[in-house]
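>>> turn this into a model:
(one chain, ligands or ions: 1)
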Amino acid sequence: MAGPEWQSLEQCLEKHLPPDDLGQVKRILYGKQTRNLDLPREALKAASERNFELKGYAFGAATEQQRCPQIVHVGLVQNRIPLATSAPVAEQVSALHKRIEEIAEVAAMCGVNIICFQEAWNMPFAFCTREKLPWTEFAESAEDGLTTRFCQKLAKKHNMVVVSPILERDREHGGVLWNTAVVISNSGLVMGKTRKNHIPRVGDFNESTYYMEGNLGHPVFQTQFGRIAVNICYGRHHPLNWLMYSINGAEIIFNPSATIGELSESLWPIEARNAAIANHCFTCALNRVGQEHFPNEFTSGDGKKAHHDLGYFYGSSYVAAPDGSRTPGLSRNQDGLLVTELNLNLCQQINDFWTFKMTGRLEMYARELAEAVKPNYSPNIVKEDLVLAPSSGCSSHTS
Ligand SMILES: NC(=O)NCCC(=O)O
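Here you go, the predicted model:
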């Protein structure tokens, strides 16, 4: 499995394909070409001095007579953890805040209206270890914890909506933990929170040791810059999760993630892009970068030798549009900020063109699903009348 030495799919294609082939390959893999954004010189300089990649793209939409364009700039941040996981908790949190502050400042220079950080950005992704301390000490109140207060300042200072996915400690309900995204208005006020609805039980993603599936449904936040929702990481494998945010009116769905090459890199370019197509909305998939080393070895009952890390987080953050086009990804090996210009009018334009909402037959699925989840449900399989043949061992399918 590739580690940091392999920079990105885009770089590889550009290096090896002749221009004509490259054009055709990109047409199929990326859809209608995005325009490069003209990013401010001072932002590019600051990003280079601060050692992170800065890329900008724009999706177009047709001009309408009755509506003005609804232009929004989103910023997706992918970053390594700046300190070793063995450093004191407070120092790790403060180093993460510092790193995000310098990236958010550049986002502001680029006119970003809504910024989203990666899953559980206020900590190392330590859930693989199944140890409680010190990792549970990173949990904070969604309403007024240190990280939320930090994001409120950022939001107000830069007039930017902040989507801040954290490990939440819910003091109102027995101090339990959740995997939560806090949404902070550009006014600096906390608009609300949303929780991860689907918890992985795969490989070293031992998150079920720490928190349960979210209990807040599929809230959509009406911000000054559009209606947004957050489908946290593993939720992207669940088409109904995307669908419910869309049914509630989301125009942009963020998918802050922490996932590794060995497990999901081949799924990554497909899932959020497919969700944008299926739901006539924009989707923003962002992932951690690098490798996080933990002091104690762990195993996950999968026959692998005890190890100190979860695997390689491959970054590759990107944005997909309702017409199926997508931006190139950020790199697999660097911190980065992806700035993307969206025209939200494209959601309705594609809705009217492809009509998936109109042709979706939700009432039929609602009826069938309501039956299918009943304990005594019997799947609707039509079988040929069986003429019982003499038993011929295990090769015949009789059920
Ligand atoms: N953080 C998380 O849910 N990771 C699970 C792995 C994946 O969904 O790719």
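
>>> residues from this protein in reach of the ligand?
Residues of the chain lying close to the ligand (C-beta under 6 Å from any ligand atom) are 119, 200, 205, 233-234, 237, 258-259, 263-264. No exception for glycine: its C-beta is placed from N, CA and C like everyone else's.

>>> next, format those residues as JSON lines and append secondary structure and pLDDT.
Converted to JSON lines, the residues of the chain next to the ligand look like this (DSSP: H, G, I helix; E, B strand; the rest coil; pLDDT from 0 to 100):
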{"residue": "119", "secondary structure": "coil", "pLDDT": "98"}
{"residue": "200", "secondary structure": "coil", "pLDDT": "98"}
{"residue": "205", "secondary structure": "strand", "pLDDT": "97"}
{"residue": "233", "secondary structure": "helix", "pLDDT": "98"}
{"residue": "234", "secondary structure": "helix", "pLDDT": "98"}
{"residue": "237", "secondary structure": "helix", "pLDDT": "98"}
{"residue": "258", "secondary structure": "coil", "pLDDT": "98"}
{"residue": "259", "secondary structure": "coil", "pLDDT": "98"}
{"residue": "263", "secondary structure": "helix", "pLDDT": "96"}
{"residue": "264", "secondary structure": "helix", "pLDDT": "97"}
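
>>> show me the beta-bridge partners of residue 313.
Counting by DSSP bridges, residue 313 is bridged to residue 260, residue 290.

>>> re earlier: among the residues of the chain next to the ligand, the buried ones, what's the ChimeraX command?
Selection of buried members from the residues of the chain next to the ligand for ChimeraX, criterion 16 or more other C-beta atoms under 10 Å:
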select :119,200,205,233,234,258,259,263,264
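
>>> next, the buried residues of stretch 97-113.
Buried residues in stretch 97-113 (16+ other C-beta under 10 Å): 97, 99-100, 102-104, 106-113.

>>> narrow the residues you listed to those in helices?
Among the buried residues of stretch 97-113, DSSP state H puts 97, 99-100, 102-104, 106-109 in helices.

>>> ok, those residues vs the ligand, which is closest?
residue 100 (18.7 Å; C-beta to the nearest ligand atom).

>>> spatially nearest residue to that closest one, not counting backbone neighbours?
residue 117 (6.3 Å; C-beta to C-beta, 6 or more residues apart in numbering).

>>> measure that neighbour to residue 342 for me?
Residue 117 is 19 Å from residue 342, where distance means C-beta to C-beta, to the nearest Å.

>>> so which of those two has more stuff around it?
For residue 117 versus residue 342, the count of surrounding residues by other C-beta atoms under 10 Å is larger for residue 342: 30 against 27.

>>> so which strand or helix has the more buried one?
Assigning secondary structure by DSSP states H and E places residue 342 in strand 336-343.

>>> check the offset of that strand from the chain's centre.
14 Å (C-alpha atoms, centre = their mean, to the nearest Å).
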